[in-house]
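Asks: coordinates only, no sequence provided:
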Ligand code: TXA
Ligand code: MG
């Protein structure tokens with residue numbers, strides 16, 4: 001299949017009818033959001049949604065998020081508890097997904113048979129306009145299953161060129177990390193995936209909020225609430241280790257012998273041999289680390305180095321969300 005690649009500048013007038021028509025006719029379109037690129041199908045076309053699973057090599061029991069353009073469309077997909085209406089409207093559009101009890105007409109293939117559905121209103125003008133013109137779009141991240149999520153069109157092309165109908169290229173995604181997921185279908189709000197909206201912010205907004213064990217420990221638990229969290233994720237093909245600063249001296253000693261490279265923030269570059277570092281952003285601007293994370297993991301795979309060593313981050317704010325991804329992408333070094 002020939003994949004149509006179209007450039008859309010999010011800062012100019014957005015002409016969305018071509019990709020929207022592809023979706024309406026049952027095609028698959030990769031599109032930018034403010035978090036990562038998504039691989040979309042019209043949510044009510046079961047056949048197209050099924051193709052998403054095939055193309056990505058995604059497990060059948062891993063549900064998809066439905067993207068909508070506004071709150072009213074969200075209410076047509078899931079049941080929004082009245083007590084959360086105000087906060088949801090305050091947080092959207094934005095990098096956050098709400099798990100809600102699903103409406104009856106939502107295809108089973110989208111929710112992998114669950115009675116809940118993840119819904120998100122993207123703020124990215126291209127994603128938002130695409131949903132507005134097309135209707136609800138089911139979309140996971142636009143990578144092959146297990147690979148780092150794509151934060152620019154180049155990464156999407158790497159994984160999906162020739163396999164889908166269209167890729168919209170709108171440059172790099174602003175946050176670079178997938179949306180925060182919060183489950184509002186039960187008695188208490190429950191964080192299912194930390195993301196750009198931080199745990200601290202959520203606590204402030206929701207007051208009492210539950211953080212399950214599998215998020216704190218990053219462990220692979222048997223039946224995590226977000227089915228996707230049990231799979232190995234975001235991993236480069238080459239071995240990647242995460243280490244703590246107490247082990248810095250030991251790591252420096254083995255770099256040469258193993259043809260290894262250290263991935264660290266700009267502030268710490270000075271500790272390592274000049275030709276064996278990849279910079280991932282600045283501690284002083286922690287969101288820059290989230291923004292670069294997946295791109296750096298992909299570029300490490302293509303580099304001349306054989307083994308990667310990434311510095312662990314202090315687990316607060318956005319770096320808590322970064323560490324959540326790293327615990328799945330890397331092996332802890334001991
Ligand atoms: O930022 C994002 O959320 C991106 C962009 C494209 O919107 N999408 C994304 O989708 O990251 P995906 O499929 O890569 O990750 C969605 C996660 C999976 O772990 C899945 O299991 C979980 O959301 N999920 C989806 N629906 C759910 C539901 N009803 N209950 C619990 N978890 C759900
Ligand atoms: Mg994903």
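Replies: In hand now; what should we look at? What you see is a predicted model, and the numbers here were worked out from it, not measured in a lab. Ligands and ions are numbered 1, 2, ... in the order given.

Asks: how far away is the residue lying closest to residue 245 once chain neighbours are set aside from residue 246?
Replies: Of all residues not flanking residue 245 in the chain, residue 311 sits nearest, at 6.9 Å (Cβ to Cβ, 6 or more residues apart in numbering). Where you see a C-beta, it was placed from the backbone N, CA and C, and this is true even at glycine. According to Cβ to Cβ, to the nearest Å, residue 311 and residue 246 sit 11 Å apart.

Asks: okay, now the domains of this structure?
Replies: For the chain, automatic domain parsing gives the domain ranges 4-217, 240-332.

Asks: so what does residue 107 have for phi and psi?
Replies: Per-residue torsions, residue 107: phi -60, psi 140 (degrees, to the nearest 10).

Asks: so who does it touch?
Replies: Shown in contact with residue 107 (Cβ atoms under 8 Å, 6 or more residues apart in numbering): 43-44, 46, 49.

Asks: only whichever of those are buried, select them in ChimeraX.
Replies: To isolate the buried ones among those in ChimeraX, judged by 16 or more other Cβ atoms under 10 Å, type:
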select :43,49
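
Asks: now the contacts of residue 107 in CSV, with secondary structure?
Replies: Formatted as CSV, these follow (DSSP: H, G, I helix; E, B strand; the rest coil):
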residue, secondary structure
43, coil
44, coil
46, helix
49, helix
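
Asks: the contacts of residue 107 also near ligand 1: which ones?
Replies: On the criterion Cβ under 6 Å from any ligand atom, none of the entries of the contacts of residue 107 sits beside ligand 1.

Asks: and the contacts of residue 107, which two are furthest apart?
Replies: 43 and 46 (9.4 Å; Cβ to Cβ).

Asks: how about the strands in the stretch 101-250 of the chain?
Replies: Counting by DSSP state E, counting those that start in this stretch, one finds strands in the stretch 101-250 of the chain at the ranges 116-120, 137-139, 166-169, 180-183, 190-193, 240-243.

Asks: out of the ones you listed, indicate the one that is most buried.
Replies: Most buried of these by mean neighbour count (mean count of other Cβ atoms under 10 Å) is strand 137-139; its value is a mean of 28.

Asks: who are the contact partners of the closest residue to residue 152 other than its chain neighbours?
Replies: Among residues not flanking residue 152 along the chain, residue 172 sits closest, at 4.8 Å (Cβ to Cβ, 6+ apart). Residue 172 makes contact with 151-152, 291, 295 under the criterion Cβ under 8 Å, 6+ apart.

Asks: ok, residue 172 to ligand 1 distance?
Replies: Residue 172 is 14 Å from ligand 1, where distance means Cβ to the nearest ligand atom, to the nearest Å.

Asks: which residues touch the most centrally placed residue in the chain?
Replies: Central residue of the chain (Cα atoms, centre = their mean): residue 178, 2.5 Å from the mean position. With Cβ under 8 Å, 6+ apart as the criterion, the residues that contact residue 178 are 35-36, 141, 149, 193, 195.

Asks: pLDDT added to the contacts of residue 107, as JSON lines?
Replies: Formatted as JSON lines, those follow (pLDDT from 0 to 100):
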{"residue": "43", "pLDDT": "98"}
{"residue": "44", "pLDDT": "98"}
{"residue": "46", "pLDDT": "98"}
{"residue": "49", "pLDDT": "98"}
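
Asks: circling back to that earlier point, and ligand 1, which of the contacts of residue 178 contact it?
Replies: 35-36, 141.

Asks: out of the domains of the chain, which one sits most buried?
Replies: Highest mean neighbour count among those (mean count of other Cβ under 10 Å): domain 4-217, with a mean of 20.

Asks: show me how far it is from its chain's centre.
Replies: The chain centroid and the centroid of domain 4-217 are separated by 9 Å, computed with Cα atoms, centre = their mean, to the nearest Å.

Asks: ditto for stretch 326-334
Replies: 18 Å.

Asks: start and end of that stretch, how far apart?
Replies: 16 Å (Cα to Cα, to the nearest Å).

Asks: quick one: contacts of it?
Replies: With contact meaning Cβ under 8 Å, 6+ apart, stretch 326-334 is reached by 148, 218, 232-236, 239-243, 247, 251, 293, 297, 308-310, 312-313.

Asks: for the spatially closest residue to residue 141 that is not a sequence neighbour, what are its contacts?
Replies: Counting by Cβ to Cβ, 6+ apart, residue 141 lies nearest to residue 149, which is 4.1 Å off, once chain neighbours are set aside. Residue 149 is in contact with 36-37, 141-143, 177-178, 234, 294, counting by Cβ under 8 Å, 6+ apart.

Asks: perfect, I'm done here.
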